[in-house]
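[1] Sharing a sequence plus its predicted fold:
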Amino acid sequence: MEARGKNLTAAERRSMTVISVVELAGVLNPANITTEAIAQRMNLTQGALFRHFPNKDAIWEEVMNWVEQTLYSRIMKAIQENSHSALAALEGVFMQHVDFVLAYPGVPRVLFGELQHVETTPAKRIALDLIQRYGERIRQLLEDGKAQKEIIPGLDSKAAAILFIGTLQGLVMQSLLASDIQLMKQNAGSVFSLYLRAIRS
C-alpha cells in the first residue's frame, strides 16, 4: 500500500493504518507485526505513525473497531435484504461472513490473536463484544424463524446460534490450516445446507 503523500487527513491516515495491519495479518502472525512493519508498508516513519496513535495497543484497538463495524454492517445488510424469511437471512449472514473473510483473510488471524490474550485489552473487549452481539443477533433470527414456522418449534436457539458461529469458525480454521482461504467459498454452501437440515421445520 502506498501513501498519497502529505495531503492525507488524520482520519484517512488512521484508516490506511487499519487496512495495512489487516493486510499484514494475512501473511504474518499478528503477534509478530511491529509498528516498524506497519510504517514500512505505509511508506512512513514510525514517528509519523505515532502522530496518529499513542502506542501499538491503540492501533490494535482501532483495527478491532473497524472489524466490528465492518462485519456487523454486513450482517445487518444481509438481514435487511432478506427480511421476508429468517432462513434466507441466516443464509445471507453466513455467506456475507464468508465473503468478508475472503476479502480480508487477515481478519480471522487478528481476531483469534486478540482472543488468546490472557489480559483483557481494549481490542480483546471489542472482539468479545462482537461475538456476543453476533450470537445474540443469530439467536433472534432463529426465534423469528420459529414464529414464521420455518424453524423447528422446540429448537434450542442459544445452542443453534453457537453452532452457527462455530461452523463459520471451523471453515475459517480449516482454510487457514490448508493455507487456502478459497476453501471457505468451496465448502460454505454444502456446510450451510447441513446446518439448515438440522433446524428447518
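    Nice, I can see it. Numbers count the residues shown, from 1 in each chain.

[2] and Leu171, how many neighbours?
    24 (other C-beta atoms under 10 Å). C-beta: built from backbone N, CA, C; applies to glycine.

[3] ok, it - contacts?
    With contact set as C-beta atoms under 8 Å, 6 or more residues apart in numbering, Leu171 has these partners: Val98, Leu183, Met184, Asn187, Ala188, Val191.

[4] Mind telling me what element it is part of?
    In the assignment (DSSP states H and E), Leu171 maps to helix 157-177.

[5] Tell me the buried residues in that helix?
    Along helix 157-177, the positions that meet the burial threshold by neighbour count (16 or more other C-beta atoms under 10 Å) are Ser157, Ala160, Ala161, Leu163, Phe164, Thr167, Leu168, Leu171, Val172, Ser175, Leu176.

[6] now do stretch 95-114
    For stretch 95-114, burial by neighbour count (16+ other C-beta under 10 Å) applies to 95-98, 100-101, 104-111, 113-114.

[7] Quick one: the helices in the protein, in order.
    Taking DSSP state H, the helices of the chain run over residues 10-25, 35-41, 46-49, 56-81, 86-103, 106-115, 122-147, 157-177, 182-199.

[8] The shortest one packs against which elements?
    Looking back up the chat, that one is helix 46-49. helix 35-41 (3 or more C-beta pairs under 8 Å, 6 or more residues apart in numbering; DSSP states H and E).

[9] can I assume Thr70 is in contact with Val101?
    No - using C-beta atoms under 8 Å, Thr70 is not in contact with Val101; the gap is 11.5 Å.

[10] Just the buried residues of the contacts of Leu171.
    Buried members of the contacts of Leu171, counted by 16+ other C-beta under 10 Å: Val98, Leu183, Met184, Ala188, Val191.

[11] so can I have CSV of the helices of the chain showing mean pLDDT?
    Shown next, in CSV, are the helices of the chain (pLDDT from 0 to 100):
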stretch, mean pLDDT
helix 10-25, 89
helix 35-41, 91
helix 46-49, 85
helix 56-81, 92
helix 86-103, 95
helix 106-115, 86
helix 122-147, 93
helix 157-177, 93
helix 182-199, 93
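
[12] With adjacent residues omitted, what lies nearest to Arg109?
    Taking C-beta to C-beta, 6 or more residues apart in numbering, and ignoring the residues beside it in sequence, Arg109 has Ala25 as its nearest neighbour in space, at 4.6 Å.

[13] What is the neighbour count of that neighbour?
    The local packing of Ala25 (other C-beta under 10 Å) involves 23 other residues.

[14] List the buried residues in stretch 62-78.
    In stretch 62-78, residues buried by neighbour count (16+ other C-beta under 10 Å) are Glu62, Val63, Met64, Trp66, Val67, Glu68, Thr70, Leu71, Arg74, Ile75, Ala78.

[15] could you dump that stretch to CSV, C-alpha only?
    What follows is stretch 62-78, C-alpha atoms only, in CSV (Å, rounded to 0.1, in the frame of the first residue of the first chain):
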residue,chain,number,x,y,z
GLU,A,62,-8.6,0.8,16.0
VAL,A,63,-8.3,-2.4,13.9
MET,A,64,-10.8,-4.3,16.1
ASN,A,65,-13.2,-1.3,16.0
TRP,A,66,-13.0,-1.5,12.2
VAL,A,67,-13.5,-5.3,12.2
GLU,A,68,-16.6,-5.0,14.4
GLN,A,69,-18.2,-2.1,12.5
THR,A,70,-17.5,-3.6,9.0
LEU,A,71,-18.5,-7.2,9.8
TYR,A,72,-21.6,-6.2,11.7
SER,A,73,-22.7,-3.8,9.0
ARG,A,74,-22.5,-6.7,6.5
ILE,A,75,-24.6,-8.9,8.9
MET,A,76,-27.3,-6.2,9.2
LYS,A,77,-27.3,-5.7,5.4
ALA,A,78,-27.9,-9.4,4.8
